[in-house]
Every structure is written in C-alpha cells, then in structure tokens.
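> Mind looking at a prediction? Sequence and model below.
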Amino acid sequence: MLDVNKFSCDFAAVHGYLCSDGYVANNRPNTKMRYKIGFRNMNLVLLKDFQKRFEKTFGLRPNLSKAVDRCEVGSKPIHSFLIDNFSSFSSWKWSMPEGLPNKSAAFWLRAFFDAEGTVRARKGKDREISAESVNRKGLLQIKSALLGFGISCKITSRKARPTHTIYIFGKDNLERFHNKIGFLHPSKKAKLEEALGSYVSYTWDFPDENNLLTRFVVNKMRERAKVHKPGYIQMCSIIEENLHLLSENLQLFFGVTAEVYGPRTNKHSIYYELKIFRREDVLKIFENNLISKLQKQKLIDYLKF
C-alpha cells in the first residue's frame, strides 16, 4: 500500500477532493458495495481528474456513475488505509495534511477549491474566491497553507447557520492564487481570469522605442490634459511616477517644461498634478497639437490668439 509520508501531487489532489465533496464510507454488511471511496460533482472535468489521479495513486480506477454526478470505487484495503491514516473525511472532521511540500500543497488546494470554491467577478464590487464549510479547524489549516504561497485571506462565521467561510480577495492575492494554485474547473478558471481582468491599472506603461514613446506621450496628453483659465494646462494622476515620466518626455521630445506637484487630496483619493503654465511652453503644446480639439479651442479663447 501507498507510503503515507510520500504525498505525491496526485495523492494530494485525491485527498483534497475527498475532503471537499468526497466520501470514505463504511456501509452496512451485505450491501452491494460496503467500503466505498468516491467524489461527488457535476463537472466532468473534475470527475475525470479524480478518476485519473486516484488510479495513479492506488492502482484502481473509480467508475463514473451513469448520471455523471460522481466517481467511486469499492475497496476495503484502500478504505482502511485512508481511515487508519487520516481518521475521517466527513464534513466536520476532515483535515489538510501537515507539512506538504509547496507543489503537493498547491494540488491539494486546487482540488479543494475546484470542488468547494465560489468565484465572484463583479467589477468594483465582489472580486473574490470563497469556500464555505462547517469545519473551521480545516479552514484555518487552509488559511495557513495559503500564507505559504503569500496569499492572505480571512475567515468569517455565519450567524444563521453553523458554517464558516474563507475569503481570498484583493488583486495581489487573486493573482498569486491564479499563478501558484489555479483552477481546473473551466467556469471557475474563466471567472477568476475575468475578475483579474476587471482591475484597472493606474500605472502608465511607457514604451521603450522612441517612435512609440513619442506617440504614447501625444496620445496621453490629448486624452487627459485639461486647459484652465487663464491659460495653463493641467493633468492629474494618483501615481506620481506617471507624471514625472511624462514631464521628462515632454522636455525630451517637445522642449516643454512641466512641473509636478503633490500630493493633493479630495473627497475620494490622494493624487498628483502636472502643470504647464509658462506661455512659451503652452504655445509649444498648441503648436505640436498635444491637446484635444476641445482643449485647443479653450486655449485659443483664454489666450486670445
């Protein structure tokens, strides 16, 4: 029988599946299959993954049900091995193995969240991975394992029922989960990618090549620069470095001097401000068409030329 101290990635995934939607059952004598090990799920990808990894681990291939809602096998030796070494896989008592190497831990976590996890991807609202369980101790073990991958999370308890929920949220944590653990479940995988894609990047990606960089500066000015009375030009960003780089490139390519100020504050955020206020620099902006047609007309009106 398998050496319990050698937790391969396949064994880790099987264990994670069993702790989530799995079962290791000892039925009444004289039943058709007394000692059963199985995994319930409506997703065929996960069922086949459990089937494949179980066979690699134990040398016995579980069978898919006709309804394709579970994958199970009957075996007293495997049942005894699992119960003797891990005690229980029930909802209340399952336990994540301790001391798993990161590679095996990633497979365990992926299997668990593939089966039990929920992914939300509402832009600006709920972008999170969660899993609910009655087993708080098990969720605390998962929380500790996630920290090993640099993934922070929180656990909350329900008031209306005796369950607890683990939440993973924040762009950095979701990215680490995506890159280091991930989903096999197709819709959950797509939902996580949607959630990550919904985050807005506030850092401007300045190109390296001069022609592209010049075009980038022109487009950014036309997109964001505003003209104010009595004729100065302003642009704001919550990232100070954006404006310093823009200022450097305005000087490099167009001979325009721009000053960066801040931090400033308003009701919603802290931001920084780029200003072009000397008349000779404002005229260079005008002559090089570095502002939109609407802003250019405002400049004509303010400067009377």
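That came through fine.
> Which phi and psi values does residue 98 adopt?
Torsion angles at residue 98 (phi, psi; degrees, to the nearest 10) stand at phi -90, psi 150.
> And the pLDDT at the closest residue to residue 27 other than its chain neighbours?
Once flanking residues are discounted, residue 27 sits nearest to residue 34: 4.9 Å by C-beta to C-beta, 6 or more residues apart in numbering. All C-beta spots, glycine's among them, are computed from the backbone N, C-alpha and C. Looking at residue 34, its pLDDT is 85.
> do the same with residue 99
Note for residue 99: predicted pLDDT of 89.
> list the contacts for the most centrally placed residue in the chain?
For the chain, the residue nearest the mean C-alpha position is residue 174 (2.1 Å; C-alpha atoms, centre = their mean). Residues near residue 174 by C-beta atoms under 8 Å, 6 or more residues apart in numbering: 127, 128, 129, 168, 192, 195, 196.
> just residue 196 next, same as before
Counting by C-beta under 8 Å, 6+ apart, residue 196 has contacts 171, 174, 175, 178.
> Helix or strand: which one has the third one?
Okay, so that is residue 175. Applying DSSP states H and E as the criterion places residue 175 in helix 171-180.
> Quick check: next helix or strand after that helix?
helix 186-197.
> in that following helix, what's buried?
188, 189, 191, 192, 195, 196 (16 or more other C-beta atoms under 10 Å).
> now that helix: how far from the chain's centre is it?
Centroid separation for helix 186-197 versus its chain: 8 Å, with C-alpha atoms, centre = their mean, to the nearest Å.
> how about the residue nearest to residue 257 when sequence neighbours are not counted, phi and psi?
Taking C-beta to C-beta, 6+ apart, and ignoring the residues beside it in sequence, residue 257 has residue 281 as its nearest neighbour in space, at 5.3 Å. Torsion angles at residue 281 (phi, psi; degrees, to the nearest 10) stand at phi -70, psi -40.
> quick one, what contacts residue 281?
Under the criterion of C-beta under 8 Å, 6+ apart, the neighbours of residue 281 are 256, 257, 258.
> so the first one makes contact with residue 285?
The one in question is residue 256. Yes: under the criterion of C-beta atoms under 8 Å, residue 256 makes contact with residue 285 at 6.2 Å.
> Now for those two: what residues contact both?
Common neighbours of residue 256 and residue 285, using C-beta under 8 Å, 6+ apart, are residue 276.
> going on from the helix or strand containing residue 24, what's the next piece of helix or strand?
Residue 24 belongs to strand 22-26 when assigned by DSSP H and E. Downstream of strand 22-26, the first helix or strand assigned by DSSP H and E is strand 35-40.
> coming back round to it: pick out whichever of the contacts of residue 281 sits closest to residue 69.
Ranked by distance to residue 69 (C-beta to C-beta), those are led by residue 258 at 63.9 Å.
> all strands for the chain, in order.
Taking DSSP state E, the strands of the chain run over residues 22-26, 35-40, 63-64, 70-74, 117-121, 127-133, 154-157, 164-169, 226-228, 232-237, 259-265, 270-276.
> Give the bridge partners for residue 270, please.
residue 265 (DSSP bridges).
> same check, this time on the one 5 residues further on
Legend: beta-bridge partners of residue 275 under DSSP bridges are residue 234, residue 259.
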